[in-house]
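Student: need a 3D model of the sequence below.
(chains A and B)
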Number of protein chains: 2
Amino acid sequence: MDVLISEVGPRDGLQSIDRIMPTAAKKIWIDMAWAAGLTEVEVGSFVPAKLLPQLADTAEVVAYSARIPGLTVAALVPNARGATDAIAAGAHKITLPLSCSESHSLANLRRTHAQVIEDARLIAAAIRDLPEGRRPHFEGSLSTAFGCTIEGVVPQAKVVELAEALMAAGCDEVGLADTTGYADPASVKSMIAAIWSAVGGDALTGIHVHNTRGLGLANVLAAFDAGLTTFDSSLGGLGGCPFAPGASGNIVTEDLVFMFEAMGVRTGVDLDKLIAVREFVQKTLGDEPLYGFTPLAGLPLGFVSTTQNTDIKQGAWA
Amino acid sequence: MDVLISEVGPRDGLQSIDRIMPTAAKKIWIDMAWAAGLTEVEVGSFVPAKLLPQLADTAEVVAYSARIPGLTVAALVPNARGATDAIAAGAHKITLPLSCSESHSLANLRRTHAQVIEDARLIAAAIRDLPEGRRPHFEGSLSTAFGCTIEGVVPQAKVVELAEALMAAGCDEVGLADTTGYADPASVKSMIAAIWSAVGGDALTGIHVHNTRGLGLANVLAAFDAGLTTFDSSLGGLGGCPFAPGASGNIVTEDLVFMFEAMGVRTGVDLDKLIAVREFVQKTLGDEPLYGFTPLAGLPLGFVSTTQNTDIKQGAWA
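Tutor: Predicted structure coming up:
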């Protein structure tokens, strides 16, 4: 694969809607996603069930998914306590979000930057204590990296400083997250260059962008151009209603995969099977709206994806 | 200005909806668009009123708009007869579409490539006969350049050959149009390079992309990166319902302007005034759906557009 599409629908999508998907349906979704060629799925978040009842079954879903061969099972953790649960459940990848806007961090999580970084240190230490081969990959996610609705633009120097702090605390990697849809192609490129020059190219490979202002795929393209290779997206843009204020506006996995496959960039994902996953999720969620253009327009006449035909357009993007 | 946004809503938008906008409202729309900083508007199409009653008043709208100082008034013409009318009405720019897929050309216009190119020759000759200063700019538009729903992908060599033929016939310029939403960032870049190497960089400066599969702004970004500077879009994505099969799926002027302004690329357009134009058009069209993300999400907190503040982010994109 040339890029890794990390499916976040079961976590970021489901946490943003009121309806609670039954555990059995989540398992089928993840099975189908894997069968469609998605090799990384963020399946839940280890937050108190009282706060997010939609994700109360995360431990069970993680344990189930970890048995699927070749699937990287990712989980979000709000703190060290959540990380302990994620490790116990067998998550392969643990993501701790750090809101670059401290006002946002205080308002949403009631925690300062220093407190979150201390948690990163505790989590990294706990992971180091595990036997080799059982250690999950530990990512610090730089959320609101491009600005927030309380502070406006977050200075790039602050984001770089936090990236350095997370790496110093023992994260394997940092990730960029445009939680508020404030990023644009220029700020994406410039932010990647700044973080790379501070912590090195291996320490930042992925980005999580939203489509809040319609720039989602353009921002992905800019990030890909700059050299990132992992891109988060949500099946059907689940949880991303652009018509509801405050909605996250996740980019749509189907459109993201189509873009790369059309460009000659291999995602490993089978678009027809991906549409079947969408249909399953839509049926399960009833009238919950799904988004995306490619599923409605269909594939272009005669379209052959790069993943399915290595003779065609391979390396067209250079 | 760093880029030129060419507003095609009054033509491409209105021709795609059933409702007929009153001439007086079109004039106000164009006035407001100009006041918002848009300096080029495609105001209509010189086709028989029987075929497109929505645009039956094109001659009057062109004549009115041509009196607005500093506004480039563009009009589509299907053939030499339409060009004569467009010249008589005072259009500054005349666009003759040539469908790169000959099957599409035959099915939609009942004309072969040779017939359209012969018309281009006639139009160019008629323009040469006009007194200097009265000669409109003449563009040959390479429609279905990235593929069509009858033939599938159109070979790049065919598009290049038609670009050469249009320039040889006397066009001032050719334009790329992804009529069917088949383009992707890689094919956009590769097509631009191929056409430039055949007819020179001055002969292709603009592109008209659709958002049929959600890649509209990513394709614009690729084209901008490759060096194009003129981008068509439609206010509110008018005429571009992605939920109706066959709809054109125009990209949304508001999102396009936001993208460039956020990137540090000056469009000359005032986003607040643009939103006011949208509100006027929405009121005029009643329940006709408009699209776009930026108008619903609003601008980021503390956002200063590049056009309005030359100190901020100017040249950020390089």
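
Student: how far out from the middle of the chain is the helix or strand hosting residue A:197?
Tutor: Residue A:197 belongs to helix A:185-199 when elements are defined using DSSP states H and E. Once both centres are worked out by Cα atoms, centre = their mean, to the nearest Å, helix A:185-199 turns out to sit 18 Å from its chain's centre.

Student: one more: stretch A:26-35?
Tutor: Relative to its chain's centre, stretch A:26-35 lies at 17 Å (Cα atoms, centre = their mean).

Student: ok, stretch A:258-265 next?
Tutor: For stretch A:258-265, the separation from the chain centroid amounts to 19 Å (computed by Cα atoms, centre = their mean).

Student: again, but for stretch A:74-83
Tutor: Here the centre of stretch A:74-83 is set off from its chain's centre by 14 Å, with Cα atoms, centre = their mean.

Student: quick one: terminal-to-terminal distance for that stretch?
Tutor: With Cα to Cα, to the nearest Å as the measure, stretch A:74-83 spans 11 Å from end to end.

Student: need the residues that contact the lowest-mean-pLDDT helix or strand in chain A.
Tutor: Counting by mean pLDDT, DSSP states H and E, chain A has its least confident helix or strand at helix A:102-109, which shows a mean of 89. Residues from elsewhere that reach helix A:102-109 (Cβ atoms under 8 Å, 6 or more residues apart in numbering or on different chains): A:78, A:98-99, A:111-113, A:116, A:143-144, A:148-151. Glycine gets a C-beta too; all of them are placed from N, C-alpha and C.

Student: ok, and the most crowded of those residues?
Tutor: Highest neighbour count within those: residue A:98, with 29 neighbours (other Cβ atoms under 10 Å in any protein chain shown).

Student: rewinding a little: now the least confident helix or strand of chain A, how far from the centre of its chain.
Tutor: The chain centroid and the centroid of helix A:102-109 are separated by 20 Å, computed with Cα atoms, centre = their mean.

Student: go on, stretch A:134-142?
Tutor: On Cα atoms, centre = their mean, the centre of stretch A:134-142 falls 13 Å from the chain's centre.

Student: next, the buried residues of it.
Tutor: Buried residues in stretch A:134-142, counting neighbours by 16 or more other Cβ atoms under 10 Å in any protein chain shown, are found at A:135, A:136, A:138, A:139, A:140, A:141, A:142.

Student: ok, back up a step: in the least confident helix or strand of chain A, what's buried?
Tutor: Within helix A:102-109, the residues scored as buried using 16+ other Cβ under 10 Å are A:102, A:104, A:105, A:108, A:109.

Student: excluding its backbone neighbours, what's nearest the second one?
Tutor: Excluding the flanking residues, the one nearest residue A:104 by Cβ to Cβ, 6 or more residues apart in numbering or on different chains is residue A:148, at 4.4 Å.

Student: distance of the one you found relative to residue B:192?
Tutor: Spatial separation of residue A:148 from residue B:192 under the definition Cβ to Cβ, to the nearest Å is 37 Å.

Student: center of chain A, which residue is that?
Tutor: For chain A, the residue nearest the mean C-alpha position is residue A:232 (3.6 Å; Cα atoms, centre = their mean).

Student: partner strands of whichever strand or helix holds that one and their direction?
Tutor: Per DSSP H and E, residue A:232 falls inside strand A:230-233. Here strand A:230-233 has these sheet partners by DSSP bridges: strand A:4-7 (parallel), strand A:204-208 (parallel).

Student: hang on, isn't residue A:291 packed against residue A:239?
Tutor: No. If you go by Cβ atoms under 8 Å, residue A:291 and residue A:239 don't touch, sitting 9.7 Å apart.

Student: ok, residues contacting the helix holding residue A:197?
Tutor: Helix A:185-199 is contacted by residues A:145-146, A:156, A:159-160, A:163-164, A:167, A:174, A:176, A:178, A:183, A:203-204, A:207, A:209, A:215, A:218-219, A:221-223, A:225-228, B:221, B:259, B:262-265, B:313, B:316-317 when judged by Cβ under 8 Å, 6+ apart.

Student: rounded mean pLDDT for it, please.
Tutor: On average, the pLDDT along helix A:185-199 is 98.

Student: okay, stretch A:178-194 in PDB with CA atoms only?
Tutor: The C-alpha coordinates for stretch A:178-194 follow below in PDB (Å, rounded to 0.1, in the frame of the first residue of the first chain):
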ATOM      1  CA  ASP A 178      -7.900  19.500  12.600                       C
ATOM      2  CA  THR A 179     -10.700  19.000  15.100                       C
ATOM      3  CA  THR A 180     -12.400  22.300  14.100                       C
ATOM      4  CA  GLY A 181     -12.000  22.300  10.300                       C
ATOM      5  CA  TYR A 182      -9.700  25.400  10.500                       C
ATOM      6  CA  ALA A 183      -6.900  23.900   8.400                       C
ATOM      7  CA  ASP A 184      -6.200  24.800   4.800                       C
ATOM      8  CA  PRO A 185      -3.700  23.300   2.300                       C
ATOM      9  CA  ALA A 186      -1.100  25.900   3.000                       C
ATOM     10  CA  SER A 187      -1.300  25.600   6.800                       C
ATOM     11  CA  VAL A 188      -1.300  21.800   6.600                       C
ATOM     12  CA  LYS A 189       2.000  21.900   4.500                       C
ATOM     13  CA  SER A 190       3.600  24.500   6.700                       C
ATOM     14  CA  MET A 191       2.600  22.700   9.900                       C
ATOM     15  CA  ILE A 192       4.000  19.400   8.700                       C
ATOM     16  CA  ALA A 193       7.300  21.000   7.700                       C
ATOM     17  CA  ALA A 194       7.600  22.700  11.100                       C
END
